[in-house]
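Novice: Predicted structure and sequence below. I'll ask about it afterward.
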Amino acid sequence: MVKIGLADNHPVVHYGIKSYFKEHSDISLVGIIDNFEMVEEMLKRKEIDVLVMDLELNGLSSINAIKTLLQNHPKLKIVLFSNLNEQVYAPNAIKAGVSSFVEKSEKLETLASTIIKVNRGAVIFSEAVKRNMAMISKQSKSERLYRKLSSREIEVLRYLSNGKKNKEVAEALNLNEKTISTYKLRLLAKLNVTNLVDLVNKAKTLEIV
């Protein structure tokens, strides 16, 4: 029996996952939390093989935090279960040590089969992600540019695209406001634009946000 924990903000997701796995023959849901800060406590109290986590989980400010979590719990497997674009976030998730990325538009049967395979040691990402990562080296410098954004740069870009000011982004990510300004300058340079409006528009065109 694979023991899983769920880390997600939304009660409707809690209900759906709990209902689906209630009588599952191979998977048992043993814990539910709605904030990243509660993950460590849940792992102390429960024996969890696979953690199903939303990338937009409250308290989760960076994919780097997931990397640290996995370093502290080397036996733990993580499946990201999110509405965010897999092709954008999967490369950094793979680097962090995540075992799979399942979009919330997928059927719960897909999530279940992924959990079982991941528990056995598999690393599963969509064929589109695999193709895109394989093609990066073949693309021109300009085409590869947006794929070279760091996890933190993507996070800052997401907040900026949602209309957040530098100060608000800094507070959300627990960073200095000057640091956010530096990230913004890097983003402008990497995406070859000169102002915030063009930065956001290009990010949306490239489906980064």
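Specialist: Cool, the structure landed.
Novice: Quick check: chain neighbours aside, which residue is closest to E86?
Specialist: Nearest residue to E86 in three dimensions, chain neighbours excluded: F101, at 4.8 Å (CB to CB, 6 or more residues apart in numbering). Glycine gets a C-beta too; all of them are placed from N, C-alpha and C.
Novice: ok, now T194?
Specialist: Nearest non-adjacent residue to T194 (CB to CB, 6+ apart): L188, at 6.5 Å.
Novice: sec struct for the one you found, please.
Specialist: helix (DSSP: H, G, I helix; E, B strand; the rest coil).
Novice: ok, it touching K202?
Specialist: No. Under the criterion of CB atoms under 8 Å, L188 is not in contact with K202, lying 9.9 Å apart.
Novice: distance of I78 from L175?
Specialist: 24 Å (CB to CB, to the nearest Å).
Novice: got it, and K75?
Specialist: K75 sits at a distance of 31 Å from L175 (criterion: CB to CB).
Novice: So which of these two has more stuff around it?
Specialist: Using other CB atoms under 10 Å, the more surrounded residue of K75 and L175 is L175, with 19 against 7.
Novice: Please give the element, helix or strand, for the residue nearest to the more buried one when sequence neighbours are not counted.
Specialist: Counting by CB to CB, 6+ apart, L175 lies nearest to V169, which is 7.7 Å off, once chain neighbours are set aside. Element membership for V169 (DSSP states H and E) is helix 166-173.
Novice: Can you tell me what sits against that helix?
Specialist: The contact list for helix 166-173 (CB atoms under 8 Å, 6 or more residues apart in numbering) reads 61-62, 152, 155-156, 159-160, 164, 175-177, 179-181, 184.
Novice: residues contacting the residue positioned nearest the centre of the chain?
Specialist: For the chain, L55 is the residue whose C-alpha lies nearest the centre (CA atoms, centre = their mean; 3.7 Å). L55 is in contact with I63, L80, S82, L84, Y89, counting by CB under 8 Å, 6+ apart.
Novice: For the residues you listed, give me JSON lines that also has neighbour count and secondary structure.
Specialist: Converted to JSON lines, those look like this (neighbours: other CB atoms under 10 Å; DSSP: H, G, I helix; E, B strand; the rest coil):
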{"residue": "I63", "neighbour count": "21", "secondary structure": "helix"}
{"residue": "L80", "neighbour count": "25", "secondary structure": "strand"}
{"residue": "S82", "neighbour count": "19", "secondary structure": "strand"}
{"residue": "L84", "neighbour count": "19", "secondary structure": "coil"}
{"residue": "Y89", "neighbour count": "22", "secondary structure": "helix"}
